[in-house]
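Trainee: pasted the sequence and its predicted model underneath.
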Amino acid sequence: MTDFTLTQIATALGATLEGNGALTVSGASEPASAGTEHLALAMDPKYADGLAQGSAQAAILWQGADWQALGLQAAIFVPRPRFAMSGLTKLMDPGPEIEAGIHPMAVVHPSAKIGDGAAIAAFVMIGRDVEIGEGARIASHVSIAEGSTIGRNTLILNGVRIGARVNIGDRFIAQPGCVIGSDGFSFVTPEKSGVENVRKSLGDQGEAGPQSWTRIHSLGSVRIGDDVEIGANSAIDRGTIRDTSIGNGTKLDNLVHIGHNVQIGDDCLLCGQVGIAGSSRIGNRVVMAGQCGVNDNIFVGDDVIAGGGTKIFTNAPAGRVLLGYPAVKMETHIEIQKAMRRLPRFMKSLKQDK
């Protein structure tokens with residue numbers, strides 16, 4: 001366990017420190033459960049009572065708080081509390097324990113190139129012509145298939161599977177169990193299928209008889225930019241011909257599925273259980289809350305925000321805020337829901353009028 005002085009913490013956060021900067025803490029805590037060794041996170045006045053219940057000697061406080069009246073020896077003041085949490089947790093997180101160098105129980109192909117300072121744990125499999133950048137950390141039971149390139153200072157956690165010829169940038173983070181570069185879900189029938197007829201007619205399957213599905217193989221791969229994070233058990237399919245791509249700074253939550261040929265821009269945020277169907281294009285800075293879905297072969301413009309459970313079936317213009325199934329403007333969806341709630345009362349009034 002590492003101790004940190006309050007001066008170190010305030011410097012790391014670019015924050016204002018008042019009181020005893022030499023005081024040390026070994027971790028952070030909610031105010032009510034904080035011990036003397038903790039930095040209490042009391043960034044809102046509603047946490048003042050919790051400070052009295054706990055034993056913290058120092059805290060991160062809301063602007064203007066009287067830290068001495070709260071019984072503290074020191075306090076740190078930050079202008080944007082949630083952003084300060086990013087810096088604090090980065091400072092205090094030791095990360096996974098992976099010994100430096102290549103573990104003797106890892107299997108590394110002789111043609112693979114491993115950068116200086118890399119740490120590769122036991123039961124890792126690294127294939128032919130793989131390139132691993134400097135300072136990469138790879139936990140146990142990871143497999144990286146032939147021809148893939150992994151950038152500098154990456155962190156690849158337990159059980160990650162990276163397919164052939166995948167290209168990944170610097171400072172990449174892969175959470176346990178994610179799969180990057182699996183084959184795309186792409187099948188075709190010898191004759192025009194009922195699904196194709198339905199898409200064209202919006203309801204009529206036509207006269208399609210018994211049909212079998214034939215695989216379309218994926219010849220492309222996956223390209224991922226710098227500073228990307230992929231959540232646990234997420235899956236990114238390789239492209240059919242061109243690569244599936246994810247831009248710089250994009251973050252994927254757990255259980256996100258990205259279909260074949262999808263192009264995702266920079267600094268997007270895709271929350272749990274989002275699914276993007278094949279060949280769709282997602283712009284920059286797009287945010288999709290949990291369980292959003294995007295139809296295949298459509299475009300979602302820059303800065304679109306989609307609320308939880310939104311299903312996007314048609315192109316979405318830049319800057320639009322969406323909600324609902326099917327997706328509409330958020331304010332329109334709210335009006336629709338209000339109207340639906342009024343329907344029972346409205347129908348009852350119609351019967352009474354008769």
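Mentor: Cool, got the structure.

Trainee: got the contact list for Ala106?
Mentor: 120-126 (C-beta atoms under 8 Å, 6 or more residues apart in numbering). In short, each C-beta sits where N, CA and C put it, glycine included.

Trainee: redo that, cut-off 10 Å
Mentor: Residues in contact with Ala106 (C-beta atoms under 10 Å, 6 or more residues apart in numbering) are 114, 120-126, 138, 140, 142.

Trainee: buried ones among the residues you listed?
Mentor: 114, 120-121, 124, 126, 138, 140, 142 (16 or more other C-beta atoms under 10 Å).

Trainee: and those, which two are the farthest apart?
Mentor: Largest separation among the buried ones among the contacts of Ala106 by C-beta to C-beta: Ile114 and Ser140, giving 16.3 Å.

Trainee: okay, now Lys311: neighbour count?
Mentor: 16 (other C-beta atoms under 10 Å).

Trainee: give me the neighbour count for the closest residue to Pro81 other than its chain neighbours.
Mentor: Spatial nearest neighbour of Pro81, chain neighbours left out: Met43 (3.6 Å); criterion: C-beta to C-beta, 6 or more residues apart in numbering. When neighbours are defined as other C-beta under 10 Å, Met43 has 22 of them.

Trainee: kindly report the same for Asp302.
Mentor: Other residues close to Asp302 by other C-beta under 10 Å number 16.

Trainee: same deal with the one 10 residues further on?
Mentor: Using other C-beta under 10 Å, Ile312 is surrounded by 26 other residues.

Trainee: which residues are in contact with it?
Mentor: With C-beta under 10 Å, 6+ apart, Ile312 has these contacts: 276-277, 280, 282, 288, 292-295, 298-300, 304, 306, 320, 322, 324-327.

Trainee: what are the contacting residues of the longest helix that the chain contains?
Mentor: For the chain, the longest helix by residue count, based on DSSP state H, is helix 330-353. The contact list for helix 330-353 (C-beta under 10 Å, 6+ apart) reads 305-307, 310, 320-329.

Trainee: next, count neighbours for Phe346.
Mentor: 10.

Trainee: any idea how far Ala136 lies from Ile98?
Mentor: To Ile98, Ala136 is 10 Å away according to C-beta to C-beta, to the nearest Å.

Trainee: shared neighbours, those two?
Mentor: Common contacts of Ala136 and Ile98 (C-beta under 10 Å, 6+ apart): 118-120, 155-156.
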